[in-house]
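Trainee: Sequence isn't available, so here's the structure alone:
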């Protein structure tokens with residue numbers, strides 16, 4: 001027996017089997033597929049595609065032009081035993097793709113109360129974004145890439161398939177984490193970092209070239225890494241040497257600042 005066609009309510013396309021709270025706010029051009037559930041405190045912007053069997057709950061705000069594939073779950077309670085149902089949020093930007101079985105948990109009061117995701121990110125199937133994480137823009141998660149709580153992933157980083165990132169770690173801009181890696185300290189910007197436990201294997205040259213970095217910028221980054229990873233200097237001495245010898249590069253200045261503000265220490 002054929003199912004009845006989806007019904008249109010204004011500019012919103014809602015399948016008749018979807019369950020949507022009357023208090024939820026849906027923007028123009030939103031499509032909601034079969035058996036999806038949207039809670040009463042959810043705000044969804046224009047032109048989002050929500051496929052079948054998606055669950056969006058609690059205080060979740062979603063921007064525009066996102067695509068949530070089947071069995072994505074957003075805004076459910078964090079997997080944190082200290083959580084007692086207090087108000088916390090998930091905030092998602094624009095143009096993100098969430099493939100099958102993605103989970104994005106609410107924040108906690110102890111972590112600031114917000115789990116946030118920026119724009120133009122691609123999350124492959126089974127990725128997990130835990131409570132109070134901050135994911136920037138242009139990030140790629142391989143299948144089952146997993147963040148523990150309070151992790152920050154900066155712009156244009158890649159988290160490889162089946163990799164896990166420990167609580168409170170920072171993944172630097174334009175870094176590449178190889179598949180099946182275990183990350184327990186901060187991942188250096190522009191780096192290739194792989195393994196269990198992970199080690200840094202130099203500069204992410206392919207990623208930098210694809211992202212439009214100039215040959216000069218890449219050479220500056222390479223020179224900084226040579227001092228940091230191959231000299232016999234300790235980290236403090238290496239940073240001082242980098243600043244003396246490569247003092248006209250914004251990319252290198254960012255790298256030095258990243259290392260100095262690291263709280264968990266860096267992977268070398």
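Mentor: Now that the structure is in, tell me what you want to look at. All figures in this text were calculated on a predicted structure; none of them were measured in a lab.

Trainee: Got the domain ranges for this structure?
Mentor: 7-150, 210-260 (automatic domain parsing).

Trainee: Please report how far residue 65 lies from residue 235.
Mentor: 42 Å (CB to CB, to the nearest Å). Backbone N, C-alpha and C define where each C-beta goes, glycine included.

Trainee: Between these two, which has more neighbouring residues?
Mentor: residue 65 (17 against 14; other CB atoms under 10 Å).

Trainee: how far away is the more buried one from residue 26?
Mentor: 14 Å.

Trainee: Could you do residue 113 as well?
Mentor: Between residue 113 and residue 26 the computed distance is 24 Å (CB to CB).

Trainee: out of those two, which sits in the more crowded spot?
Mentor: residue 26 (23 against 16).

Trainee: for the record, mean pLDDT for the lengthiest helix in the chain?
Mentor: The residue-count maximum for a helix in the chain (DSSP state H) belongs to helix 215-230. On average, the pLDDT along helix 215-230 is 97.

Trainee: So which bits of the helix or strand just after it are buried?
Mentor: As assigned by DSSP states H and E, the chain's next helix or strand after helix 215-230 is helix 235-245. For helix 235-245, burial by neighbour count (16 or more other CB atoms under 10 Å) applies to 238-239, 242.

Trainee: How about stretch 259-268?
Mentor: Residues of stretch 259-268 classed as buried: 259, 262, 266-267 (neighbour count, 16+ other CB under 10 Å).

Trainee: tell me the phi and psi of residue 92?
Mentor: Torsion angles at residue 92 (phi, psi; degrees, to the nearest 10) stand at phi -120, psi 140.

Trainee: Is it possible to get TSV of the domains of the chain that adds distance to residue 164?
Mentor: TSV is the format used below for the domains of the chain (distance: least, CB to CB, whole Å):
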stretch	distance to residue 164
domain 7-150	5
domain 210-260	21
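
Trainee: Comparing those domains, which comes out most buried?
Mentor: The highest mean neighbour count among the domains of the chain, using mean count of other CB atoms under 10 Å, belongs to domain 7-150: a mean of 19.

Trainee: could you give me the average pLDDT of that one?
Mentor: Mean predicted confidence for domain 7-150 is 96.
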